[in-house]
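Asks: coords below, sequence missing:
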Ligand code: ADP
Ligand code: ASP
Ligand code: MG
């Protein structure tokens, strides 16, 4: 007997037929004698709708009330799935974040999990009940409902798996695993049978929304065996989990040494929600960078890529950096507030850019990857606006219009296309 956590995302619970389909997946595991904790998202599109209601109600919403509203989508699906399970003779009950309780910090709308008290839920599982948990939500120190940031149900699932000491945490979604890049952009993308925690972490944080970044981080630190698989597979024809077989369906996120054949580049991600800020003709002298980035840090604005040109005249230079699109107007205001000391000629903000990244632990031991990348891009006439690197990734900033071309070009270049095997 295994203890499994099964998480179903928005498209997997989009309507009653899909919820019944989820119930069939759960019943398969329950009938095989496994203990099952299920984590559900809100129905597809529901959270967006709730967010827009909040924004209609207030121009500067109180984040505690935002959480009260947007967490409700998960409450609905947890109750509906529990009912569908009961209807097919599987004893089940719903759990809201506060009932578990899944405790978070007080950062409403983007809270971090601090503790999951699994004892009460474990007792219910031991009595043969399936636990159906509303993902995305918890309880803050002020006793109010909190939410974990968009895509946060993945993180709920991993945290619950860690708290219960689950054998496996299966993330069921609308694709059948993690691909070399978003399969909706590149039809030739290939499904990875295994991917390392580190690579998955980079892929998620650089834009591959198949898993929320924090869920991967948590799985890595808590050693949770995490798999991504499809909820659209026929529940009746899929085998129940068998831990002894040591095989998995979909993609297993695991430690690097479990992966035998390692590519140089394993995946390509892109992120559209970036914005670029340029200070034109700013003084080229010590202390200027500190005067720009110090206040931004104080304002809690994360800066990602930074480029400063070598000044032609020794007096002024252009300074460009990127921030999250949502932070652009705040970043411009912070820089503008120091205009008199910075003495730049012009301040420009742009959102028509995209960050494209190549990721692979194989890059640690391979030289020349960056050279190949820039050569291929230049042959397609794609101009690189900024670059940032780490040991296992290279990110470039380009015009948004070139996003698909860049992703496809790099996908072929690094031998990731399905037909290149
Ligand atoms: P859910 O609602 O189940 O949480 P998401 O929409 O959050 O699902 O994540 C699944 C989506 O992630 C897929 O439909 C796919 O378009 C996208 N995606 C982006 N990058 C990748 C990738 N490398 N592999 C698989 N899917 C990806
Ligand atoms: N429903 C939430 C969202 O859309 C959480 C999730 O689906 O993971 O962001
Ligand atoms: Mg998701």
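Replies: Arrived safely, thanks for sending. Here the structure is a predicted model, which means the values were calculated and not measured. Numbers count the residues shown, from 1 in each chain. Ligands and ions are numbered 1, 2, ... in the order given.
Asks: what does the chain have sitting close to ligand 1?
Replies: Proximity of the chain to ligand 1, by Cβ under 6 Å from any ligand atom, involves residues 9-12, 41, 151, 173-175, 178-179, 181-184, 208-210, 267. (C-beta placed from N, C-alpha, C; glycine too.)
Asks: same thing but 8 Å
Replies: Proximity of the chain to ligand 1 (Cβ under 8 Å from any ligand atom) is limited to residues 8-12, 41, 44, 151, 153-154, 171-175, 177-185, 189, 191, 203, 207-212, 228, 231, 267-269.
Asks: Could you tell me which of these count as buried?
Replies: Neighbour counting with 16 or more other Cβ atoms under 10 Å marks 8-12, 41, 44, 151, 153-154, 171-173, 175, 177-183, 189, 203, 207-208, 210-212, 228, 231, 267-269 as buried within the residues of the chain next to ligand 1.
Asks: Among these, which are located in helices?
Replies: Applying DSSP state H to these, the entries found in helices are 153-154, 203.
Asks: Backbone dihedrals for the closest residue to ligand 3 within the stretch 1-150 of the chain, both of them.
Replies: Per Cβ to the ion, residue 9 is where the stretch 1-150 of the chain lies closest to ligand 3, at 4.8 Å. With angles defined as degrees, to the nearest 10, residue 9 sits at phi -80, psi -180.
Asks: Next: residue 65.
Replies: phi -80, psi -30.
Asks: That one contacts residue 55, doesn't it?
Replies: No. The criterion here is Cβ atoms under 8 Å, and residue 65 misses it with residue 55 at 11.9 Å.
Asks: Keep only the buried ones among the residues of the chain next to ligand 1 that also lie close to ligand 2.
Replies: Contacts with ligand 2 within these, as defined by Cβ under 8 Å from any ligand atom: 9-10, 41, 151, 153-154, 212.
Asks: Could you export those residues as TSV, including pLDDT?
Replies: Formatted as TSV, these follow (pLDDT from 0 to 100):
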residue	pLDDT
9	98
10	98
41	98
151	97
153	98
154	98
212	97
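Asks: Between the residues you listed, which sits nearest residue 387?
Replies: Set against residue 387, the nearest of those by Cβ to Cβ is residue 212 (26.2 Å).
Asks: any idea which helix or strand carries residue 68?
Replies: Taking DSSP states H and E as the criterion, residue 68 maps to helix 63-70.
Asks: That helix near ligand 2 anywhere?
Replies: Yes. With Cβ under 8 Å from any ligand atom as the criterion, ligand 2 is reached by helix 63-70 at residue 70.
Asks: That helix packs against which elements?
Replies: In terms of contacts (3 or more Cβ pairs under 8 Å, 6 or more residues apart in numbering; DSSP states H and E), helix 63-70 is packed against helix 46-57, strand 145-147.
Asks: What residues sit buried inside stretch 385-404?
Replies: Using 16+ other Cβ under 10 Å as the test for burial, stretch 385-404 gives 385-386, 388, 392-398, 402-403.
Asks: tell me how far the ends of that stretch are from each other?
Replies: Taking Cα to Cα, to the nearest Å, stretch 385-404 runs 16 Å from one end to the other.
Asks: who touches it?
Replies: Applying Cβ atoms under 8 Å, 6 or more residues apart in numbering, the external contacts of stretch 385-404 come out as 185, 198-199, 202, 206, 270, 272, 274, 276, 304-307, 320, 322, 352-361, 363-364, 369-370, 373, 377, 380, 382-384, 406.
Asks: of those residues, buried ones?
Replies: 198-199, 202, 206, 270, 274, 276, 304-305, 307, 320, 322, 353-361, 363, 369, 373, 377, 382, 406.
Asks: So which of the residues you listed are in helices?
Replies: Short answer: the buried ones among the contacts of stretch 385-404 in helices (DSSP H) are 198-199, 202, 369, 373, 377, 406.
Asks: tell me the pLDDT at residue 239?
Replies: Residue 239 carries a pLDDT value of 89.
Asks: where's it relative to residue 25, distance?
Replies: 12 Å (Cβ to Cβ, to the nearest Å).
Asks: Of these two, which one has the most company?
Replies: Between residue 239 and residue 25, residue 25 has the larger neighbour count (other Cβ atoms under 10 Å), namely 24 against 10.
Asks: What backbone torsions are found at that one?
Replies: The phi/psi pair for residue 25 (degrees, to the nearest 10) is phi -60, psi -40.
Asks: Now it: closest residue in space that isn't a chain neighbour?
Replies: Counting by Cβ to Cβ, 6 or more residues apart in numbering, residue 235 is the residue found nearest to residue 25 once chain neighbours are left out, at 4.5 Å.
Asks: do the same with residue 135
Replies: Nearest to residue 135 is residue 153, by Cβ to Cβ, 6+ apart, at 2.8 Å.
Asks: Roughly how far does residue 66 sit from ligand 1?
Replies: 20 Å (Cβ to the nearest ligand atom, to the nearest Å).
Asks: Next, the contact list for that residue, please.
Replies: 51, 54, 108-109, 147 are the contacts of residue 66 under Cβ under 8 Å, 6+ apart.
Asks: now, the most widely separated pair of the residues you listed?
Replies: For those, the farthest-apart pair by Cβ to Cβ is 51 and 108; their separation is 13.6 Å.
Asks: Point me to the residue of the stretch 51-200 of the chain nearest ligand 3.
Replies: For the stretch 51-200 of the chain, Cβ to the ion, closest residue to ligand 3: residue 151, 4.3 Å.
Asks: That residue contacts residue 210, correct?
Replies: No. Using Cβ under 8 Å, residue 151 makes no contact with residue 210, being 9.3 Å away.
Asks: can you give me the strands for the stretch 51-200 of the chain?
Replies: Taking DSSP state E, counting those that start in this stretch as the criterion, the stretch 51-200 of the chain contains strands spanning 92-95, 102-104, 113-116, 130-134, 137-139, 145-147, 168-173, 194-196.
Asks: One more: the stretch 251-400 of the chain?
Replies: Under DSSP E, counting those that start in this stretch, the stretch 251-400 of the chain gives strands at 251-254, 267-271, 274-283, 303-308, 316-324, 346-350, 353-359, 386-390, 393-399.
Asks: Make CSV out of those strands and add mean pLDDT and distance to residue 139.
Replies: As requested, the strands of the stretch 251-400 of the chain are exported to CSV (pLDDT from 0 to 100; distance: least, Cβ to Cβ, whole Å):
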stretch, mean pLDDT, distance to residue 139
strand 251-254, 95, 28
strand 267-271, 97, 31
strand 274-283, 94, 33
strand 303-308, 92, 32
strand 316-324, 93, 27
strand 346-350, 96, 38
strand 353-359, 97, 35
strand 386-390, 92, 35
strand 393-399, 96, 36
